[in-house]
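**Student:** The amino acid sequence is not available; the structure is as follows:
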């Protein structure tokens, strides 16, 4: 097992220097170190590493937005402290991209620019629906 602080293969770096890997849980993880924390969105996925779930229907928003933000904040702190963070949903684009956009806001990207940022750095198809984009724009800016 690799020491914490070594980024996961395929991870992207947020503006504050933290790393996060987004992926579709339908595909096996890339070879390399395992995450030290996984945050899975609306999928019944139970990997062998520490993980948490957010109730988040496909193409929609978290069913409990405040709880989702609390878990995203905790996941961001985990990654900022050197943990290897993975975020995933079934397709790895909409919900995962929305969650990574939220992490980008926590890392200092203005909410109005977070969707553009995640599409440039993660995948052009991230954040699939208008209500996902609106949710990201309404997130409180990082302090």
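**Tutor:** Nice, I can see it. No experiment lies behind these values; they were computed from the predicted model shown. Residues are numbered from 1 along each chain as shown.
**Student:** Show me what the helix ranked longest in the chain is packed against.
**Tutor:** As assigned by DSSP state H, the longest helix anywhere in the chain is helix 65-80. Helix 65-80 is packed against strand 37-41, strand 51-54, strand 85-89, helix 94-106, with contacts defined by 3 or more CB pairs under 8 Å, 6 or more residues apart in numbering; DSSP states H and E. Bear in mind the C-beta positions are built from the backbone N, C-alpha and C, glycine included.
**Student:** Any chance you could list what contacts it?
**Tutor:** For helix 65-80, the external contacting residues (CB atoms under 8 Å, 6 or more residues apart in numbering) are 14, 16-20, 36-37, 39, 52, 54, 56, 62, 85, 87, 99, 102-103, 106-107, 135, 139.
**Student:** just how off-centre is that helix within its chain?
**Tutor:** 9 Å (CA atoms, centre = their mean, to the nearest Å).
**Student:** Buried residues of it, list them for me.
**Tutor:** 68-69, 71-72, 75-76, 78-80 (16 or more other CB atoms under 10 Å).
**Student:** what's the angle between it and helix 94-106?
**Tutor:** Our comparison of helix 65-80 with helix 94-106, counting by axes from the mean of the first three to the mean of the last three CA atoms, to 10 degrees, yields an angle of 70 degrees.
**Student:** got the contact list for the residue nearest to the spatial centre of the chain?
**Tutor:** Among the residues of the chain, the one closest to the centroid is residue 100, at 3.7 Å (CA atoms, centre = their mean). Going by CB under 8 Å, 6+ apart, residue 100 touches 12, 20, 22, 87, 118, 122, 126.
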